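*Asks:* Show me the folded form of this:
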Amino acid sequence: MDSVTIDILLFNDTNTTCSQPLLWTQTVIDNKKSQLYACIIALVIHLILWLQIILCSSLRKKSLLWIYSYLITDILLLLRFLFSYIVHITFTECEPSRAWILLICYFEAVLDNYLNITEVYILLALNICRYVQIVYNRNVYQVHMKLLILTKFCISLIPLIIFIVEFLFGWAQIKERIRDSCDVLYMNIYIQVFNITFGYALPMFLNVLVIYAGIRHVNLTSTLRRTQHHVSAREKYHHSLVIQFLCFYLIWGGLWSPYTIISQVSFSKQNVTNTVALLNLIQIAFDPIIIAALDVRFWHEWQKVWVRVKNTIYFNRPNRRQIQPLTMNLNRIQVKAP
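*Replies:* Numbering: from 1, shown residues only. Predicted coordinates for the structure are as follows:
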């Protein structure tokens with residue numbers, strides 16, 4: 001019998017009143033309010049960015065495969081939180097079915113961790129593609145598109161298989177707290193070390209390694225070109241590309257890392273968990289802004305939109321200095337005296 005069923009049965013045996021096990025307490029709701037506000041703000045920002053993508057054909061390109069995959073995982077994380085929040089503040093059934101309890105618990109305890117792991121590997125794939133573009137001057141999105149699709153499939157599948165294996169072998173269990181959120185409980189230190197290595201340390205190390213290799217290549221090339229008194233436009237673009245991704249990675253890593261580390265281990269302090277979850281939602285809210293600011297294609301489209309809006313406002317505004325048309329009275333003839 002799983003831990004979820006045991007908790008519910010024990011509660012129902014000791015209470016004759018309606019338990020409402022899935023309904024959050026007022027304290028839990030108050031603790032989640034800041035996360036709810038951050039989630040709503042992040043969702044609005046993401047919707048604005050996706051509206052721009054839908055309206056601007058220049059942004060629908062194969063080269064944005066990884067960026068769009070990353071933004072989609074952001075949207076799924078936001079929808080996951082909103083769904084859990086709505087369920088936990090509206091579901092008042094006294095004895096919900098076991099299947100429904102398991103669905104909610106696995107959904108909110110596992111999906112966050114899964115999506116955060118896929119995000120870091122999506123960034124690694126994006127980083128590698130940019131490195132190939134910088135060092136070998138090759139457009140991998142045209143030459144190796146099938147390989148990229150296969151890589152995307154593996155990034156989505158492998159973390160899911162790992163979670164399934166951990167639950168099947170009993171290395172991880174769902175811990176459900178009455179009238180609170182569900183968590184994953186890892187049964188030994190070895191599985192926690194493996195999770196931190198696979199879900200955080202390994203992809204972060206590989207990302208830093210690829211970024212360092214890209215910076216080193218750009219610096220060596222720039223030094224060589226400066227001695228020859230010639231720096232091409234392509235090399236300037238590659239240099240800006242490395243700086244852009246480094247800035248994004250520093251901001252993203254600082255807000256994303258605490259929540260991901262805590263998600264890989266059994267952590268019981270709820271106030272700390274709420275704080276790092278809030279940081280994770282803030283990071284999701286910043287993602288479209290950072291991507292739009294650092295990627296020149298988004299920046300150009302924002303400039304075009306701003307110019308259109310400014311021109312529309314300017315031409316529709318009444319001009320008080322406009323010269324009035326000249327009117328003449330044809331029936332009146334004025335003759336000057338000599």
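*Asks:* Measure how buried Arg138 is and give me the count.
*Replies:* By other CB atoms under 10 Å, 13 other residues sit near Arg138. All C-beta atoms are positioned from the backbone trio N, CA, C, and that covers glycine.
*Asks:* Skipping adjacent residues, who's closest to it in space?
*Replies:* What sits nearest to Arg138 in space, not counting adjacent residues and going by CB to CB, 6 or more residues apart in numbering, is Val132, at 5.6 Å.
*Asks:* before we move on, what about Leu126?
*Replies:* Going by CB to CB, 6+ apart, Leu126 has Trp66 as its nearest residue, at 3.7 Å.
*Asks:* how close does the one you found sit to Leu23?
*Replies:* Distance of Trp66 to Leu23, computed by CB to CB, to the nearest Å: 40 Å.
*Asks:* what's near enough to touch the most centrally placed residue in the chain?
*Replies:* Nearest residue to the geometric centre of the chain (CA atoms, centre = their mean): Asp74, 3.2 Å. Contact analysis of Asp74 by CB atoms under 8 Å, 6 or more residues apart in numbering lists Ala42, His46, Glu119, Ile284, Asp287, Pro288.
*Asks:* Quick check on those residues: which are buried?
*Replies:* Those of those that meet the buried threshold are Ala42, His46, Glu119, Ile284, Asp287, Pro288, by 16 or more other CB atoms under 10 Å.
*Asks:* that older thread, counting neighbours, what do you get for the residue nearest to Arg138?
*Replies:* Neighbours around Val132, by other CB under 10 Å: 17.
*Asks:* low-confidence ranges in the stretch 1-150 of the chain?
*Replies:* Within the stretch 1-150 of the chain, the ranges that satisfy pLDDT under 70 run 1-17.
*Asks:* Now do the SS call for Asp183.
*Replies:* With DSSP: H, G, I helix; E, B strand; the rest coil as the basis, Asp183 sits in strand.
*Asks:* you'd agree it is up against Asp112?
*Replies:* No: with contacts counted by CB atoms under 8 Å, Asp183 stays clear of Asp112, the gap being 10.5 Å.
*Asks:* Tell me if I'm right that the residue nearest to Leu126 and Ile122 touch.
*Replies:* Yes: counting by CB under 8 Å, Ile122 is a contact partner of Trp66 at 5.6 Å.
*Asks:* can you give me the helices for the stretch 201-338 of the chain?
*Replies:* Remark: helices assigned in the stretch 201-338 of the chain by DSSP state H, counting those that start in this stretch are 202-227, 233-263, 270-294, 296-316.
*Asks:* who touches the third one?
*Replies:* Right, the one you point to is helix 270-294. 31-32, 34-35, 38-39, 41-42, 45-46, 48-49, 52, 67, 70-71, 74, 77-78, 81, 116, 244-245, 247-248, 251-252, 255-256, 258-260, 262, 267, 298-299, 302.
*Asks:* Make CSV from the contacts of Asp74 and add distance to Ile191 to it.
*Replies:* Converted to CSV, those look like this (distance: CB to CB, whole Å):
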residue, distance to Ile191
Ala42, 31
His46, 33
Glu119, 21
Ile284, 27
Asp287, 30
Pro288, 35
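*Asks:* His217: which of those is nearest?
*Replies:* Glu119 (25.7 Å; CB to CB).
*Asks:* Now do the same contact list for that closest one.
*Replies:* Tyr70, Thr73, Asp74, Trp256 are the contacts of Glu119 under CB under 8 Å, 6+ apart.
*Asks:* for Leu23, helix, strand, or coil?
*Replies:* With three-state DSSP as the criterion, Leu23 reads coil.
*Asks:* What is the burial count for it?
*Replies:* Leu23: 20 surrounding residues under other CB under 10 Å.
*Asks:* Pull up the gap between it and Gln270, please.
*Replies:* Distance, Leu23 to Gln270, by CB to CB: 17 Å.
*Asks:* and what of Leu279?
*Replies:* According to CB to CB, Leu279 stands 15 Å off from Gln270.
*Asks:* And the two? Which one has more around it.
*Replies:* The neighbour comparison of Leu279 against Gln270 (other CB under 10 Å) goes to Leu279, with 18 against 15.
*Asks:* Okay, the more buried one and Cys182: tell me how far apart.
*Replies:* According to CB to CB, Leu279 and Cys182 sit 21 Å apart.
*Asks:* do the same with Glu301
*Replies:* 41 Å.
*Asks:* the more surrounded of the two?
*Replies:* The neighbour comparison of Glu301 against Cys182 (other CB under 10 Å) goes to Cys182, with 22 against 18.
*Asks:* Verify the contact between the more buried one and Asn113 for me.
*Replies:* No: at 11.9 Å, Cys182 does not count as touching Asn113 under the criterion of CB under 8 Å.
*Asks:* Give me the phi and psi for Cys94.
*Replies:* Dihedral angles of Cys94 (phi, psi; degrees, to the nearest 10) stand at phi -70, psi -40.
*Asks:* in which helix or strand would I find the nearest residue to it once chain neighbours are set aside?
*Replies:* Here the nearest residue to Cys94 in space, its sequence neighbours aside, is Cys18; by CB to CB, 6+ apart that works out to 3.8 Å. Taking DSSP states H and E as the definition, one finds Cys18 inside no helix or strand.
*Asks:* Cys18 and Pro96: what is the separation?
*Replies:* 11 Å.
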